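Trainee: Build me a model from this:
(one chain, ligands or ions: 2)
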Amino acid sequence: MLHPVEHPLIAEELTKLRDPACPSPEFRQRVRRIASMMVPAVTANLETTIVPCNTPLELTAGLKVTRGIILVPILRAGLGFLDGFLDLLPQASVAHIGLARNEQTLVPEPYYLKHPPELGECEIIILDPMLATGGSAIEAVRSLREAGARHLRFACLVAAPEGIFALEQAYPEIAIYTACLDRCLNSSGYILPGLGDAGDRLFGTCR
Ligand code: PRP
Ligand code: URA
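Mentor: Numbers count the residues shown, from 1 in each chain. Ligands and ions are numbered 1, 2, ... in the order given. This next block holds a predicted model:
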């Protein structure tokens, strides 16, 4: 199910970072700030457990998030989203998945996966700024499920309707959080209006 994460501050940050004149250091900072602002919405329905809570005055009831959290940035561009999530979720573990879209076929090619052993017991938040055709997100979910993950959600900065549709068709149970739903894909699989190649802009590898 799609969850747009709407907020005036997110919209303003996104407007500024779409600009091709926004340099990498500023682009990284803005992506990080948006990621942090998305955390409350992305985690709003996490299951909690009642625990005893000591105050200086008396014993009361408190809450803890029931399951551990694992953040899974899709390399490379997902790394740009990671620190903003870790700022608010410092207790989270981090798994990494490496996928590179073949520029001709647009099919994601897996090259790396490293995760903590307890995938099945944890809440998994997959991070990638861009959901374009949906191929990378679908491959990430497939390989994490194969490795034992059960409680998965996906967070992105900009999504195309084509990618939302594909991910929902493949995994209807996965919640998709996006800061913005853009118009469509162009013939090269780039999101319009989009922001260009997120990985290149984050890491200064633009041609
Ligand atoms: C980009 C982006 C997503 C993917 C989205 O990564 O970060 O992972 O494309 O496209 P899709 O929905 O059509 O699969 P890319 O493969 O360019 O690698 P990078 O992060 O290393 O730049
Ligand atoms: N990946 C990107 O980085 N940007 C797009 O527009 C599509 C896929």
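
Trainee: Retrieve the pLDDT associated with the residue most central in space within the chain.
Mentor: Centrality entry for the chain: nearest residue to the mean C-alpha point is residue 127, 2.3 Å, by C-alpha atoms, centre = their mean. The confidence metric pLDDT takes the value 98 at residue 127.

Trainee: OK, contacts around it?
Mentor: Applying C-beta atoms under 8 Å, 6 or more residues apart in numbering to residue 127 gives the contacts 35, 71-74, 78, 81-82, 85, 155-156. Where C-beta positions appear, they are placed from N, C-alpha and C, glycine not excepted.

Trainee: and the residue with the largest distance to the centre of the chain, how far is that from ligand 1?
Mentor: Distance from the centre of the chain peaks at residue 57, with 40.7 Å (C-alpha atoms, centre = their mean). Between residue 57 and ligand 1 the computed distance is 50 Å (C-beta to the nearest ligand atom, to the nearest Å).

Trainee: What of residue 22?
Mentor: Taking C-beta to the nearest ligand atom, one finds residue 22 at 17 Å from ligand 1.

Trainee: I'd like to know how many residues surround that residue.
Mentor: 16 (other C-beta atoms under 10 Å).

Trainee: Which strand or helix spans the nearest residue to it once chain neighbours are set aside?
Mentor: Distances taken as C-beta to C-beta, 6 or more residues apart in numbering put residue 16 closest to residue 22, at 6.2 Å, once the chain neighbours are dropped. Using DSSP states H and E, residue 16 sits in helix 8-18.

Trainee: now check the helix or strand that that helix is followed by, is it near ligand 2?
Mentor: Downstream of helix 8-18, the next assigned helix or strand under DSSP H and E is helix 24-42. No. Counting by C-beta under 6 Å from any ligand atom, ligand 2 is not contacted by helix 24-42; separation bottoms out at 11.6 Å.

Trainee: which residues are contacting helix 24-42?
Mentor: Outside helix 24-42, the residues that reach it (C-beta under 8 Å, 6+ apart) are 3, 5, 7, 9-10, 13-14, 16-17, 22, 80-85, 87-89, 125, 127, 129, 153, 155, 157, 177, 179, 198, 201-204.
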